[in-house]
Each structure stands twice: as C-alpha cells, then as structure tokens.
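Engineer: Make a model of this:
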Amino acid sequence: MRSPAVRAATVTSCLALLATVSACGGAGVDGTPGATGVRDPYFPKLGNGGYDVAHYGLTLGYDPDSRHLTGTAEITARATKNLSSFNLDLKGLDVSGITVEGKAARFQRAGQELRVRPADELDRGETFRATVRYSGTPETVTDEDGSEEGWLKTADGALALGEPTGSMAWFPGNHHPSDKASYDIEITVPKGLKAVSNGELTRESTKNGRTTFAWHSAEPMASYVATVAVGKYEMETSTTEDGLPVITAVDPSRAKASEKVLAKIPDVVEWAEYNFGPYPFSSAGAVVDREEDVDYALETQTRPVFPGAPDTGLLVHELAHQWFGNSVTPKSWQDMWLNEGFATYAEWLYQEDNDGDSAQDIFDALYEGDYYEDEEDNEAIWAFPPAKPTDAASISDPPVYERGAMVIHKIRQAVGDDAFYDIVQGWAKTYRHKNADTRDFTEYVEKHAGGDEARKKVGRIWGDWLYGDGKPDRP
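Structural biologist: The predicted model follows:
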C-alpha cells in the first residue's frame, strides 16, 4: 500500500497535469467524429453526418487508353457540430494525401468510408476546406437492381453516372441527395476528345497534346446527378427564345438520328415552364451516347444522358426531372416517387397537350391492365405502394413510376385543374433548389387543396394510392 504522503503527491501531480492539458487546448476534446452515414432507409451508409458541403471543386485528368484517373477534390463545407473527424464517401481509388485548411490531415480507409482527422478540430458553424488528392482506375458499380453506374467505359472514352451511389466511384464527397452543393468540374483529356459536364463551359484550352474543359454549376446539385462524359462528341450550343443556353454533346454515330428530337429541347422547356414554372437552372441540353455504352437514360443536371437518340416522351421525362428531382430533390431514396411520378406524369401531360392520349386515357389503361402488351408488366405496377419500395433494388421499379404518376393524376381529379396547376407550380417554387420528402408534399397538397371536401379526397388518396398495398378500389 502507498503511504498517505505518496497518495497526496500523486493527487497533486494529477491536478497539475490536468491544468496543463487544459492550458494546452484541452477544450478540443469536445469534438466528436461525424456519423458514417445519414441513415437513409435504403442506403444507410450513404452520406455522412457532421457537416454540410457548399461547393466541390474537382480537377480531373483522364486517359481513356490506360483508364487512369487523377483527381484533386477541394471540398468547402460547414461543420454542423464540433468535429474531431469526419467521413467522405469514396469507392476504390488511391488517396495520396489530404489537407484541411492547408494542414496535413490523417486519414484511413474502410470500404467506401474515408475518415479524415484534421490537425485542428473543427468547431460547430466553422467553414472549412478539405483537399483530397487521389488517382487510380475508377470502378463501374453494379447497382442493387443489376444496372451499372459509377465510371462506365465507352467506345471512345468514359461516362460517369451516379444514381443512386455511383458518384463515389470518381470523387470523394458527401454522396447523399440531402446534401447539395455548387460545382466546378475541370477535366483534362487527350487532344481530339471532348469532356462534358454539368452547367456551363467557362474555359477550353489545349497544351502539350491535352485539352482542358472547365464547367461551372452555380445552382445546388445532388452528387448523383453530377456527370462527366469523355468522348469524340459533336458539341453544339444554341439558345431558347428567352436566351437560355442549350448545350448538346452527341456521339457522331448518333448525330443524325438525334437531330430532330434534340431540336425540340427549347419547345419542351417552354412547355414545361408553362406547366411547372420557371426553368430552375442556367442552361439546358443533353448528352447522347451509344446504346452499347449505356442502356438507360438519366436526368443528370442541366444535361440529361441518353442511350442513343431518345424519343420525344423520354426527352420530356428527363427534362421534367430538372424541376422534379434536380431542383426539388428528395431527402431520402424512399422519396424517389416524387422524382419519377412527376416526370412520368409530365409525359402524360405532354401527350395530352399535343394531340395524343389524355392523361385520363393513360390512367384508365393502366388501371384496367391493358396498357402494356405483357400481362406481367401491367401487374407489376401494383407490386408495392409508390412511397414504400420493398428494398433498395426496387426504388426504380414500375410502382415508383407509373403508380406514382397515377397518384399525381388522382390529386388532379380531386382538386380540379386550376388548383392542381397552382399546387404543382407552387411546389416547384417553394422547394426550388431544396430537399423535400413525401410528408412535405402531402402537407403542401392538403394546405392548398382548396376546401374541406378536396382535403378529404386527397387524404383518401394517401391511404389508398400512395401508401396502400395492392390495387386500390376505383370509386
């Protein structure tokens, strides 16, 4: 046993040590690690907690022959809590170094998680810049439903597509739709190739056999709709009557087939503005690649990607997403129907306004089960409620699209056309460049439905059509 004198000396020494720690910045121990994921219902590890990203500055170099990507990501963010460390999502690729506010930071990898420990802890409310240098062969990611995303090799270059998780294959970030940011994306490729991205082209320069393309997106963008397309594209820039730039990039082998439908972009944007309100971004356009390079279209922001020449319906669908999905972005992947239901219903409205089937005709055909030739396709729309996909592999299944559009049509029936278009335009305006979920939508519709009877009708729609299992009874 220690003597009382020794114990007293020990206590004195410990108190002195604690005082020294406090004097040397012991307050820093208040910081805690940011969360690894934001608990998305279908992708719980996607995204990260403890900070909000304001801007991504991506400087990329790509060689299609070797498939080698080099990158520097400057991420400007604000801490939402006292942080001792924070995570970024990054799948594959080798990280050579990270700095936070100009000071070297320690880091470690665990699957898709890149944990960063700054030299100095970050205080809540503090804006900071993290710079990540990385390189390697970016991965093609196989999605839960079997589709491919991430960094796709094409016949003459590459195509980056991110829905729902693929964007982490080519740059580190907070890869969840709930954290949107502005972007500057600079890509350097071998001379003779084009590099296309979102927003507007601010600079193009060639030096030592390589060409750099710099693209700027001022409006907030979710990472899953960020894109890079590298190839021998034919690029054209025009404007709408209102002066909105329309930038298209088309694989030469698909240029002739795409010419007429892409010429409709200004008219479709004008039609959509009349129905949904002002166009939410500073440019529009499209990227058309070969069908063998990508087998689905995606609403990448300002510049949707198409597998070959699209038909008019698909063009309308992806342009409608600029309002519904890109500007008004879901808070979680459970709210996917807000993207696809509206975009699908936009196709119905466009047909109705251009001497095609009415939205009611299409609704009736779907309900009666004779819309598709295949009986299984007709039955598929009743597999689950639009707002409750069964799992991550189902978020792009028919109930999200067709039955989601049927929900929108039922609202139109319940409130009448005048109130309906007020609701649609008001929704797009209220949540412009923001995130929203299904509850936000149902509350907004009920508030603006136009009377007690209309509110009762839309309340029944939520129970029967949005959340109800099976095929609803038709009143």
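
Engineer: is it true that residue 318 touches residue 297?
Structural biologist: Yes - here residue 318 reaches residue 297: they are 5.6 Å apart, a contact under Cβ atoms under 8 Å. (Glycine included, C-beta is placed from N, CA and C.)

Engineer: Identify the contacts common to those two.
Structural biologist: 304, 306, 310 (Cβ atoms under 8 Å, 6 or more residues apart in numbering).

Engineer: contacting residues for residue 86?
Structural biologist: Counted by Cβ under 8 Å, 6+ apart, residue 86 has contacts 33, 34, 48, 50, 51, 79, 115, 116, 122.

Engineer: Count the neighbours of residue 49 for me.
Structural biologist: The local packing of residue 49 (other Cβ atoms under 10 Å) involves 19 other residues.

Engineer: now residue 410
Structural biologist: Neighbours of residue 410 using other Cβ under 10 Å come to 21.

Engineer: before we move on, what about residue 442?
Structural biologist: Burial measure for residue 442: 18 neighbouring residues, criterion other Cβ under 10 Å.

Engineer: Wait, it touches residue 465, no?
Structural biologist: No - the pair residue 442 / residue 465 is not scored as a contact, 11.5 Å apart, by Cβ under 8 Å.

Engineer: Quick one: the helices in this protein, in order.
Structural biologist: Counting by DSSP state H, the chain forms helices over residues 4-23, 255-262, 265-276, 312-320, 336-353, 359-368, 375-380, 398, 404-415, 417-430, 438-447, 452-461, given from the N-terminal end onward.

Engineer: From the contact counts, what lies against the fourth one?
Structural biologist: The contact analysis (3 or more Cβ pairs under 8 Å, 6 or more residues apart in numbering; DSSP states H and E) places helix 312-320 against helix 255-262, helix 265-276, strand 284-289, strand 305-307, helix 336-353.

Engineer: okay, the helices of the chain in JSON lines with distance to residue 288 and mean pLDDT next?
Structural biologist: JSON lines is the format used below for the helices of the chain (distance: least, Cβ to Cβ, whole Å; pLDDT from 0 to 100):
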{"stretch": "helix 4-23", "distance to residue 288": "62", "mean pLDDT": "40"}
{"stretch": "helix 255-262", "distance to residue 288": "5", "mean pLDDT": "98"}
{"stretch": "helix 265-276", "distance to residue 288": "12", "mean pLDDT": "98"}
{"stretch": "helix 312-320", "distance to residue 288": "10", "mean pLDDT": "98"}
{"stretch": "helix 336-353", "distance to residue 288": "19", "mean pLDDT": "98"}
{"stretch": "helix 359-368", "distance to residue 288": "27", "mean pLDDT": "98"}
{"stretch": "helix 375-380", "distance to residue 288": "27", "mean pLDDT": "97"}
{"stretch": "helix 398", "distance to residue 288": "25", "mean pLDDT": "98"}
{"stretch": "helix 404-415", "distance to residue 288": "25", "mean pLDDT": "98"}
{"stretch": "helix 417-430", "distance to residue 288": "27", "mean pLDDT": "98"}
{"stretch": "helix 438-447", "distance to residue 288": "32", "mean pLDDT": "98"}
{"stretch": "helix 452-461", "distance to residue 288": "37", "mean pLDDT": "96"}
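
Engineer: I'd like these laid out as TSV, including distance to residue 389.
Structural biologist: Listed next are these as TSV, based on distance: least, Cβ to Cβ, whole Å:
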stretch	distance to residue 389
helix 4-23	51
helix 255-262	31
helix 265-276	25
helix 312-320	19
helix 336-353	7
helix 359-368	18
helix 375-380	13
helix 398	11
helix 404-415	11
helix 417-430	22
helix 438-447	12
helix 452-461	19
